[in-house]
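**Student:** Give me coordinates for this.
(4 chains)
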4 protein chains.
Amino acid sequence: MPADEDSPRRRRLLSKDRMEGFSDGVYGFAATLLVLDLAVHPPGTPLQQLLHAWPGYLAYVVSFLTIGGAWLLHTALTDQLARVDQLFLRLNLLLLLVVVFLPFPTGLAADHLHNTTSERVYVTLYGLTLLAIRLLGSALDAYARHEHLYTPENEGGELHTDQRKFLPVVIGYVIAILIGLALPVAAVALYFGIAVYLVVPFRETARALRRRHSSRQ
Amino acid sequence: MPADEDSPRRRRLLSKDRMEGFSDGVYGFAATLLVLDLAVHPPGTPLQQLLHAWPGYLAYVVSFLTIGGAWLLHTALTDQLARVDQLFLRLNLLLLLVVVFLPFPTGLAADHLHNTTSERVYVTLYGLTLLAIRLLGSALDAYARHEHLYTPENEGGELHTDQRKFLPVVIGYVIAILIGLALPVAAVALYFGIAVYLVVPFRETARALRRRHSSRQ
Amino acid sequence: MPADEDSPRRRRLLSKDRMEGFSDGVYGFAATLLVLDLAVHPPGTPLQQLLHAWPGYLAYVVSFLTIGGAWLLHTALTDQLARVDQLFLRLNLLLLLVVVFLPFPTGLAADHLHNTTSERVYVTLYGLTLLAIRLLGSALDAYARHEHLYTPENEGGELHTDQRKFLPVVIGYVIAILIGLALPVAAVALYFGIAVYLVVPFRETARALRRRHSSRQ
Amino acid sequence: MPADEDSPRRRRLLSKDRMEGFSDGVYGFAATLLVLDLAVHPPGTPLQQLLHAWPGYLAYVVSFLTIGGAWLLHTALTDQLARVDQLFLRLNLLLLLVVVFLPFPTGLAADHLHNTTSERVYVTLYGLTLLAIRLLGSALDAYARHEHLYTPENEGGELHTDQRKFLPVVIGYVIAILIGLALPVAAVALYFGIAVYLVVPFRETARALRRRHSSRQ
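**Tutor:** You can find the predicted model right below:
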């Protein structure tokens, strides 16, 4: 039995499907919970109240795109896994713990973006959470590479597109967190830019445009 | 590697299953969140309070049917996809962002349908959200057609039933949004009618009735 | 194309998997939302507050078991479907609309079970919702039978266990609703009994006990 | 028909997939609901408020890890099931009922950890819920073993790692519940330790470290 526990066949048994199902559920719920933080408050006409709630919409869109971007990376990553092991499942759980946490700083940042005394603290917490999601996503990839969990033929190939963005994104987050200590609204604008950068597939769009020109059958 | 990135085999690898799982979760959760907006308020006897909350029930049913209709269209669409690409996944994310947003205007419209000063603003936001869901759903279909993501044998055939309803629905939404600027309750009634129109399969019902007459073995 | 729309092959194409995934998500969320209604209120010591909240726990358990029982029936039903059609998907959507609604009367009944003036109204609404879930579940089964959606070999066989309970349960609900007009707490006790009756597999338990006696290899 | 109901083929028909999908949804959602209990309250500067909310973060992390650990055990268990029967589905439903309940005592414990009069009661309820989740998880495993629901080749083998932790964990919970009657904060620290113990795969980590030393091709 102890010898068998070490065998690769045994470790292959652990279900990748359920990890994906559980992760999809958690990503989806976390994205949906964000909408619960949206609210309008007096004073003002209804339209003014609605427009005055713009930090909430901004935080909602940034957080949704960040979770969406993290989900896209997660999908690209697990698509290529030949197997998962016990440690990978736990690392994934740690990532999900931070993903589920995101609605909390999102709500704080959205509620207080008009309030100069508290917004610095909450926007900083928000930025640290976004950074942690990115770092843990890359830790999953690094672990999978190190333990050869990917299928041999395309070990990590598929992930190049997303991982190419790793360093710029981390640097962007660090800069935004530092800016946020002085100018919280500017930091949120930067988080929005990073989220768009994460989600928009520039190369694929360029390729699609090139294809449209070359092949028109 | 750059050459390989362009190959059709590579783009086929992207998991359609996980997109469906994530989308099902988000649709299901957005539909469920709607019930959180239901509440009864004094004054009145309990029965009066319960009956007085009718705008909430109406908004709940309209939103649930709209999300259900959007999910049916989404299912019919992805059922026929041979593959998905990076841009399709992002367009789908954009659609989900608006689907998840729907509980917010639903709650606002439900809380304020008795309140003449604010109901116009909230019902208009509600209508614009419904319209955006419909337009993004059709954008997904148009993109899939353009990029030949459907399986060749039934490229778009299955979707005819739903897509045939596209123009009437969009025109209906635009009319309802305009009416809502003057008569918000009438607009909500119209949204209800459109949701029923979206969900009820008139042709299939007619066929089922015809079958019942012709073949009784 | 119109001829093809009528063909059985075409109708078989509609994805049963996604209906199951969406339904599982909605059942799971609705069951989980119920816990949000639990709360403790002053006055009293913490333990007294906790014990005083018993109607909430009762409503939670009854609703969870009812949703669980409905999910078990739904699983047994869809397990045997050879295919689904457009009308079946819509009937399923209608069932889910009522399942998602259940947390609303559950919360009302839980909050007001101490309050004699309002509890009759809320417990009646609660009972009507439970009844509607049961009736729509049986409508799904009846439709699947009528349209021959089940696989031929076990057309409806698997469902006998659950469907055998249909008439007692419906009669039980009607009696409980009538009792609830006079004695709401007695009605909730009856709903609890029905939920246990729905979920406990008496025959399977008896068989398991018999097996334990006869075959001990 | 009654004879057929007893046949193994018939009991094998019950869908394991849907039980997994429903369970994944409920686990994921229960984990996500925990974040709704996080909140900051005056008085103090924003940073003080944020730091003062530490019992909420602690309860969030402990509950998330406990649910994550229960999900890991559930996955390991169902991975090896050859089939499920009616009683297994019901036992699973009972387990999920307690898992979904967890956010309620988590919220109570998080809100009252500063409040000495109520924290004993809430931390005790919290501990009893954690213990119930563990006991029901083991009941599922015991039932599956007794009814030979596992695949023959690895009957229970895979579960050894997790089940080896059963007795220490149950003893740990009982000790923590008793300690919590006098020192609630110490009990929460102990629950944290147990959750980490549950989730961290000590043997796998040791093996991974050994592998890193021995095989470096």
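**Student:** Please count neighbours and contacts with C-alpha atoms only from this point.
**Tutor:** OK.
**Student:** Now the residue nearest the centre of chain A: phi and psi?
**Tutor:** By C-alpha atoms, centre = their mean, chain A has its centre lying nearest to A:Ala70, at 2.8 Å. Dihedral angles of A:Ala70 (phi, psi; degrees, to the nearest 10) stand at phi -60, psi -40.
**Student:** thought it was touching A:Gly137?
**Tutor:** Yes: counting by C-alpha atoms under 8 Å, A:Ala70 touches A:Gly137, with 7.3 Å between them.
**Student:** coming back round to it: so who does the residue nearest to the centre of chain A touch?
**Tutor:** Neighbour list for A:Ala70: A:Ile133, A:Arg134, A:Gly137 [criterion: C-alpha atoms under 8 Å, 6 or more residues apart in numbering or on different chains].
**Student:** which of the residues in the helix or strand containing the last one are buried?
**Tutor:** When you say that, I think you mean A:Gly137. Per DSSP states H and E: A:Gly137 is located in helix A:116-146. Neighbour-count burial for helix A:116-146, counted by 16 or more other C-alpha atoms under 10 Å in any protein chain shown, picks out A:118-134, A:136-141, A:144.
**Student:** What about chain D: which of those touch it?
**Tutor:** Residues of these in contact with chain D (C-alpha under 8 Å from any C-alpha of the partner chain): A:Ser118, A:Val121, A:Tyr122.
**Student:** Quick check, pLDDT for the first one.
**Tutor:** Going back to what we said before, that points to A:Ser118. pLDDT, A:Ser118: 80.
**Student:** re earlier: so the residue nearest to the centre of chain A versus D:Leu183, what's the distance?
**Tutor:** 40 Å (C-alpha to C-alpha, to the nearest Å).
**Student:** Quick check: the residue of chain A found nearest chain C vs D:Thr32, distance?
**Tutor:** Using C-alpha to the nearest C-alpha, the closest approach of chain A to chain C is made by A:Gly25 at 8.5 Å. To D:Thr32, A:Gly25 is 9 Å away according to C-alpha to C-alpha.
**Student:** Point out where chain A drops to low pLDDT.
**Tutor:** By pLDDT under 70, the weakly predicted segments of chain A are A:1-15, A:153-163, A:208, A:212, A:215-217.
**Student:** need the residues of it near chain D, please.
**Tutor:** Residues of chain A that fall close to chain D, judged by C-alpha under 8 Å from any C-alpha: A:6, A:13-15, A:18, A:21-23, A:25-26, A:29-30, A:86-87, A:90, A:93, A:97, A:100-101, A:103-104, A:117-118, A:121-122.
**Student:** quick one: which of those sit in helices?
**Tutor:** Taking DSSP state H, the ones among those that sit in helices are A:6, A:18, A:21-23, A:25-26, A:29-30, A:86-87, A:90, A:93, A:97, A:100-101, A:103-104, A:117-118, A:121-122.
**Student:** Buried ones among the residues you listed?
**Tutor:** Buried among these by 16+ other C-alpha under 10 Å: A:18, A:21-23, A:25-26, A:29-30, A:86-87, A:90, A:93, A:97, A:100-101, A:103-104, A:118, A:121-122.
**Student:** can you narrow those residues to ones near chain B?
**Tutor:** A:Gly21, A:Gly25, A:Phe29.
**Student:** can you tell me which residues contact the first one?
**Tutor:** It stands for A:Gly21. Contact analysis of A:Gly21 by C-alpha under 8 Å, 6+ apart lists B:Arg18, B:Gly21, D:Gly21, D:Asp24, D:Gly25.
**Student:** redo that, cut-off 7 Å
**Tutor:** If you count contacts by C-alpha atoms under 7 Å, 6 or more residues apart in numbering or on different chains, A:Gly21 has them with D:Asp24.
**Student:** And for the one 10 residues further on?
**Tutor:** Remark: with contacts taken as C-alpha under 7 Å, 6+ apart, A:Ala31 is in contact with A:Phe64, A:Ile67.
**Student:** for A:Gly180, same thing?
**Tutor:** Applying C-alpha under 7 Å, 6+ apart, the residues near A:Gly180 are A:Arg120, A:Val123, A:Thr124, A:Ala186, A:Ala187.
**Student:** what helices or strands is the helix holding A:Gly137 leaning on?
**Tutor:** helix A:86-101, helix A:103-112, helix A:166-180, helix A:184-199, helix D:46-52 (3 or more C-alpha pairs under 7 Å, 6 or more residues apart in numbering or on different chains; DSSP states H and E).
**Student:** Swap in 6 Å and give it another go.
**Tutor:** helix A:103-112 (3 or more C-alpha pairs under 6 Å, 6 or more residues apart in numbering or on different chains; DSSP states H and E).
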